[in-house]
Structure formats: C-alpha cells, structure tokens
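*Asks:* below is the structure, and that's it, no one-letter string:
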C-alpha cells in the first residue's frame with residue numbers, strides 16, 4: 001500500500017524544512033543579539049518544527065486573536081514575519097505566535 005510512503009515522505013519533508021528553518025531562525029536571532037536560554041530554545045525549536053509540519057501538510061492554525069499580541073515589539077514581530085515569509089505558505093498569524101518566543105528571549109539581554 002502506498003499510504004506509508006506518503007506519510008514517510010511528509011515526515012522527511014517536514015524534518016528537512018524544520019532543520020533548514022531552525023538554522024535560519026537561530027542565525028537571524030544571533031545576528032540581532034538575541035540568545036534564547038535552554039528552555040526557550042527547546043520551546044522555539046518545537047514551535048518551528050510545528051510550523052514546518054503545517055507548511056508541508058497545509059494543516060491550519062486554530063483561530064488566534066490579534067489583540068493578544070499588541071504588546072509585542074515591532075522588532076520581534078518583524079523578525080517573526082521574516083521567518084514566516086521564508087516558509088512561503090504560512091499565514092501572518094504564525095508570525096504573531098512566533099514573535100512571542102523572540103520577545104521573551106530578548107528579555108535575556
């Protein structure tokens with residue numbers, strides 16, 4: 001049966017995309033002097049892997065309220081939008097969620 005091959009292909013596509021994007025994310029953060037601690041890095045890595053999964057499968061995010069992210073700094077939001085743009089097929093709401101990781105990691109400075 002072919003279904004197993006399709007699932008494996010989705011899994012490998014997701015892993016490849018996640019690995020590539022994680023490298024870009026950490027390079028981008030480092031370039032802006034933002035260094036997540038170990039716990040933040042683990043949470044960010046998990047989030048980017050989930051983003052890669054949604055990018056490959058087309059799985060939507062649950063509805064997200066924009067007003068929850070009004071206090072995120074423009075810098076964090078712009079960095080998150082830059083990452084989301086690299087995926088090429090994710091909605092702006094992904095940037096809202098990702099920006100929280102960046103904002104929290106900025107507090108380490």
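*Replies:* Right, received. Where do you want to start? All values reported here derive from a predicted model rather than from experimental measurement.
*Asks:* please make it C-alpha for all contacts and neighbour counts, starting now.
*Replies:* Noted.
*Asks:* so residue 35, which of the three states?
*Replies:* With DSSP: H, G, I helix; E, B strand; the rest coil as the basis, residue 35 sits in coil.
*Asks:* hmm, I was thinking of residue 78
*Replies:* Assignment for residue 78 (three-state DSSP): helix.
*Asks:* go on, residue 62?
*Replies:* coil.
*Asks:* and stretch 64-77, how far from the chain's centre?
*Replies:* Centroid separation between stretch 64-77 and its chain, computed with CA atoms, centre = their mean, to the nearest Å, is 15 Å.
*Asks:* quick one: end-to-end distance for it.
*Replies:* 15 Å (CA to CA, to the nearest Å).
*Asks:* so what touches that stretch?
*Replies:* If you take CA atoms under 8 Å, 6 or more residues apart in numbering as the criterion, stretch 64-77 is touched by 93, 95-96, 99-100, 102-103.
*Asks:* 10 Å instead, please
*Replies:* Outside stretch 64-77, the residues that touch it by CA atoms under 10 Å, 6 or more residues apart in numbering are 29, 32, 80-83, 93-106.
*Asks:* select only the buried ones of the residues you listed in ChimeraX?
*Replies:* The following ChimeraX line selects those of the contacts of stretch 64-77 that are buried, judged by 16 or more other CA atoms under 10 Å:
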select :29,80,81,83,93,94,95,96,97,98,99,100,101,102,103,105,106
